[in-house]
Structures are given as structure tokens and as C-alpha cells.
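Enquirer: Here is a sequence with its predicted model. Questions after.
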Amino acid sequence: MSLVDRDLIGRFLEMLAAEQGVAKNTLLAYQSDLMSASGHLHGKLTAAEPDALVALAGQWRDLANSSVARKASALRRFFAFLHEEGFRADNPSTALPKPAQTRPLPKILDKDEVDTLFAVIEAKLLQAHPIANDYRLSALIELLYGSGLRATELVALPRNAVVSDRPFIIIKGKGDKERLIPISNRARQAVSAWLDFVPEKSRFLFPSREGHISRIRLFQIIKDLAAHAGLDPAKVSPHVLRHAFATHLLAGGANLRALQSMLGHADSATTQIYTHVDSSKLVELVNRRHPLATRTLTRRASGSNPLA
């Protein structure tokens, strides 16, 4: 296996664990499948063209459908990661087979479980002396569930990304292309409260010694919140909260195409759909259709010092 393949496979598996909470056994299976594919392609998996993937898949002809589906899924998700993170300009995984399989339902939090998470946060903010990290937690969760940001987008937000009088943020993606993401009123209020603790010279909204907090740290923060809320930490992750945003907004009456646009999927079809959706309608959807739209954000009286 080449050093490039080894490094990017490692980053991919780290992302799955930190951002999507993929089970350990699944990670091990994906690692085995990707390392095997890299070996068959002489260490050139990362740069593989569609014809090479067709030839690779041809070696699976004697395997059970379930095994073919798992191998193809590992590669499909790997190439989607490479494309999304800018390591490849294209995604060759359309060349991979798609054997018929019953897909498991994704992990999902119901509205009561989400309310339990927010109840923990509100209790922290109502303490006599909330600490800075309580406000950071509020801002993180409001943005994840209130606007459906990806973990990678969230942790790397610049300090000035969220403006109090602007109901959207601008995310710069691959090729320096910009897209708008609606931000709920609650999320803007939570970020405004957290900004009191972010140094003005900081480049990032959620800074750390290394620059900004990592996806792994975000994953840990959410697991801790779930445990405090009495929920199974294995059931809660940044990806699950993003999925809950989508599911609950759709259940509230959001248009599917508008929702796909808000989620900002990397494929060109979704991007094209997004360009045809009125951003003001997206903002209205977040503030009218979202379960938290009618609830006000818990805030302490102005002038109080939560660190005193």
C-alpha cells in the first residue's frame, strides 16, 4: 500500500468514527476492504479511474451480494470523502456495482430525545455561574440541529461567519465556490452569546490551541452531552443531529428539494438544485417549520458575568 493510500484511508476512517459514529466492526471491515483494494490496484486506490474500479469489481463476481455491497459501499464512501474534502476533483465510484440490498434505517433521534439534549443545555445556562464551555455547547448544538451543518463545516467556521442581522452563513467549498446555509434565529442568538468568550483576534468561531476544535473533539462533546441527558451516547453524533435536522424539518412540511439544498450535498445535481431555490424561502423554512422555531433561547440577564 502506498503512503498516500494509507494516509487517506486513515483520515477517512477517522472521519467515520468522529463525525458519523460508525461502529468499530464496520470500521474494521471498511479498513480491510480498502486496504485490499489498494493492494489490488498496486497502491493507487486514491487515484483510481472508473475502468480500474470496474476491473476490481470483476474480482468480486463469486462473492455473496452482501459482501459485494459492503465492499462497494466502503469504496463509494471513500471516494465521496476524497471528493468532498478536495483530494479528488471527481468521484469515480459510479462505476461500482450496486447489488440489491435491504438498507438499514439510519440512526435517528426523535423530537423528545432532542428536547432532552436541549433541556440539559438550558439547565447549564440557568445555573448561577455558567461557564464559557456551556455557551460553546449551546452554539454548537444549535448550529448542528438548527441548521444542519456538517461537522467539518461547523468546527472550521470563521469567527465572523454568523452575523446577528443576517439569517444565513456563507460556506466556501471546493474550488472556492460559495453557498448559503440558512441559520435559525435560535442559532444566531446562541452564537452571539458564545462570541463574548471568543477572542477578537481568533480566526475561528470555535478556537483551540491548534486552530479550531477538531471533529473528534466535537464528537466527544456530543457524546458527553448525550450521557448527561440519559441517552445512549452510541446513538448520538454530529451526523445523527444533522440527520435529525433533515428528518424533522421534512416532517414539518419542508420541500424535499429545498431540504437537499440546505444540506449542501457535494454532488453536482444537488448543487444545481440549490441554485434554483430562493434563499429567503430556505430561511423561512428554518424559522417556521423547525421544531425549535417557536421556542426562545434561554439567556441570562445582560450585564451578568457567567465566569464570575
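Expert: Received it, and whenever you're ready, just let me know what you need.
Enquirer: Where does His129 sit, in terms of helix or strand?
Expert: Using DSSP states H and E, His129 maps to neither a helix nor a strand.
Enquirer: Look at it and say how many residues are nearby.
Expert: 11 (other C-beta atoms under 10 Å). Where you see a C-beta, it was placed from the backbone N, CA and C, and this is true even at glycine.
Enquirer: All further residue positions should be reported with the first residue as 32.
Expert: Sure, I'll start numbering at 32, so the last one becomes His160.
Enquirer: Please tell me how far it sits from Ile152.
Expert: According to C-beta to C-beta, to the nearest Å, His160 stands 16 Å off from Ile152.
Enquirer: Now do the buried residues in stretch 107-120.
Expert: For stretch 107-120, the neighbour count (16 or more other C-beta atoms under 10 Å) marks Arg107, Arg108, Phe109, Phe110, Ala111, Phe112, Leu113, His114, Glu115, Arg119 as buried.
Enquirer: any idea which of those residues is closest to Lys232?
Expert: Glu115 (30.2 Å; C-beta to C-beta).
Enquirer: That closest one and Leu249, how far apart?
Expert: Using C-beta to C-beta, Glu115 is found at 17 Å from Leu249.
Enquirer: I'd say Leu140 and Lys266 touch.
Expert: Yes - contact criterion C-beta atoms under 8 Å: Leu140 and Lys266 qualify, at 7.1 Å.
Enquirer: what about these two, which has more around it?
Expert: Leu140 (21 against 14).
Enquirer: Which helix or which strand is home to the closest residue to the more buried one other than its chain neighbours?
Expert: Distances taken as C-beta to C-beta, 6 or more residues apart in numbering put Ala275 closest to Leu140, at 4.6 Å, once the chain neighbours are dropped. Using DSSP H and E, Ala275 sits within helix 269-282.
Enquirer: what's in contact with that helix?
Expert: Helix 269-282 is contacted by residues 50-52, 137-140, 142, 145, 172, 175-182, 185, 246, 249-250, 253, 287, 290, 293-294, 316-317, 320-322 when judged by C-beta atoms under 8 Å, 6 or more residues apart in numbering.
Enquirer: Now which of those would you call buried?
Expert: Buried among these (16+ other C-beta under 10 Å): 50-52, 138, 140, 145, 172, 175-182, 185, 246, 249-250, 253, 290, 293-294, 316-317, 320-322.
Enquirer: Just those residues: which are in helices?
Expert: Among the buried ones among the contacts of helix 269-282, the residues falling in helices (DSSP state H) are 50, 145, 172, 175-178, 182, 185, 246, 249-250, 253, 290, 293-294, 316-317, 320.
Enquirer: What residues sit buried inside stretch 183-202?
Expert: Under 16+ other C-beta under 10 Å, the buried positions of stretch 183-202 are Glu184, Leu185, Val186, Ala187, Leu188, Arg190, Ala192, Val193, Pro198, Phe199, Ile200, Ile202.
Enquirer: The fifth one reaches Leu236, doesn't it?
Expert: Yes - using C-beta under 8 Å, Leu188 is in contact with Leu236, at 4.3 Å.
Enquirer: Could you measure from the residue sitting nearest the centre point of the chain over to Met293?
Expert: Geometric centre of the chain, nearest residue: Arg181, 2.6 Å, by C-alpha atoms, centre = their mean. Using C-beta to C-beta, Arg181 is found at 12 Å from Met293.
Enquirer: Also Ile202?
Expert: 11 Å.
Enquirer: From Ala79, how far off is Arg167?
Expert: 41 Å.
Enquirer: swap in Gln291?
Expert: 28 Å.
Enquirer: same deal with Tyr176?
Expert: From Tyr176 to Ala79 the distance is 37 Å (C-beta to C-beta).
Enquirer: How about Arg190?
Expert: Taken as C-beta to C-beta, the span from Arg190 to Ala79 is 39 Å.
Enquirer: what's the answer for Val35, then?
Expert: Relative to Ala79, and taking C-beta to C-beta, Val35 is found at 12 Å.
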